[in-house]
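Peer 1: give me the fold of what follows.
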Amino acid sequence: MAHNKRINKARDGIDREKLYSLDEALNLIKERASAKFDETIEIAMNLGVDPRHADQMVRGVCNLPNGSGRTLRVGVFARGAKADEAKAAGADVVGAEDLVEIVNGGKIDFDRCIATPDMMPLVGRLGKVLGPRGMMPNPKVGTVTMDIAGAVKAAKGGAVEFRVEKAGIVHAGIGKASFGADKLAQNIKAFADAVAKAKPAGAKGTYIQRVAVSSTMGPGVKIDPQTVMGG
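Peer 2: Got it, this is the predicted structure:
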C-alpha cells in the first residue's frame, strides 16, 4: 500500500497526455525523485523502425558530456602490450584465453566488454553468454578496437551504448537525480543527437516518434521530441 501511495503521490501534478518541454519534464522528474538512493534518470525513445529488418536496425554509442553517474566495471580481451595498455587505462578485468574460460564458466565481473580485433575469433565463442546481455564487443560501437586506452576511458567516462529493441524502443540511463537539470538536459540532447545520427537507411516516416523521461522509482513524463533535438 505504501508503495502505491508513493507512486500516486509522484504522479500527482503530471498530465499523462501532455507533451512537456525538456526543461519542464526534468523539473517534474527531479522534484519527485525521493528514493533513499540517487535514482538513475532514464530516457526512452520510440522510433519509427522495425528492427526485424536489417536495414532498420539502430545501434550506436554516445559519450555523455557530463557522464552517466554510474561507475562501470570494464573487461578487456587483449594480449601483450594491448593488455598492459588496458590495465594502465583503468580496465578492471584483463585477459585472453584465461578470461574466455572464466566468462564461459558464467562468471562475468564487468559491465562493458572491449576487445582488440585479433581477439574476436576467441571472443566470438562467448556469443551465447555475452550476446543476451548486450555485452558482445562490436566495432560499430567502438568496443572492438586497437585504441584500447581510448575505449576504456570512454566507457569509464560515461559512454552509453544503445540498441533498438523489438518494439522499436531505445532506452538508456543518462544521469542521476543528483545532477543539475542543465547537465541532464545536455546529456539527453547528446543522446538524442546520437540516436538521430544512427537513423538507418530503411527508416520510413517520422523517425523519432515519442520521447519520455523517468527516474528509477518515478513515473514517466512525455516530452515534445522537438525540445530534445539539437542545442
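
Peer 1: contacts and neighbour counts: CA atoms only from here.
Peer 2: Fine.

Peer 1: ok, the closest residue in space to Glu165 that isn't next to it in sequence to Gly180 distance?
Peer 2: Of all residues not flanking Glu165 in the chain, Pro51 sits nearest, at 7.1 Å (Cα to Cα, 6 or more residues apart in numbering). Distance of Pro51 to Gly180, given as Cα to Cα, to the nearest Å: 34 Å.

Peer 1: next secondary structure element downstream of the helix or strand of the chain with the lowest mean pLDDT?
Peer 2: Here the helix or strand of the chain ranked lowest by mean pLDDT, DSSP states H and E is helix 2-11, holding a mean of 56. Remark: after helix 2-11, the chain's next helix or strand is helix 22-32, criterion DSSP states H and E.

Peer 1: in terms of secondary structure, what does that following helix contact?
Peer 2: Judged by 3 or more Cα pairs under 8 Å, 6 or more residues apart in numbering; DSSP states H and E, helix 22-32 is in contact with helix 181-197, strand 208-215, strand 221-223.

Peer 1: can you list those in JSON lines and add mean pLDDT, distance to Gly13 and mean neighbour count?
Peer 2: What follows is the helices and strands packed on helix 22-32, written out as JSON lines (pLDDT from 0 to 100; distance: least, Cα to Cα, whole Å; neighbours: other Cα atoms under 10 Å):
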{"stretch": "helix 181-197", "mean pLDDT": "95", "distance to Gly13": "19", "mean neighbour count": "20"}
{"stretch": "strand 208-215", "mean pLDDT": "94", "distance to Gly13": "15", "mean neighbour count": "21"}
{"stretch": "strand 221-223", "mean pLDDT": "95", "distance to Gly13": "11", "mean neighbour count": "24"}
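
Peer 1: closest one to Arg32 among these?
Peer 2: Arg32 sits nearest to strand 208-215 of all those, at 8.4 Å, using Cα to Cα.

Peer 1: which residues of the protein fall in helices?
Peer 2: For the chain, applying DSSP state H gives helices covering 2-11, 22-32, 80-89, 97-104, 120-123, 127-130, 148-157, 181-197.
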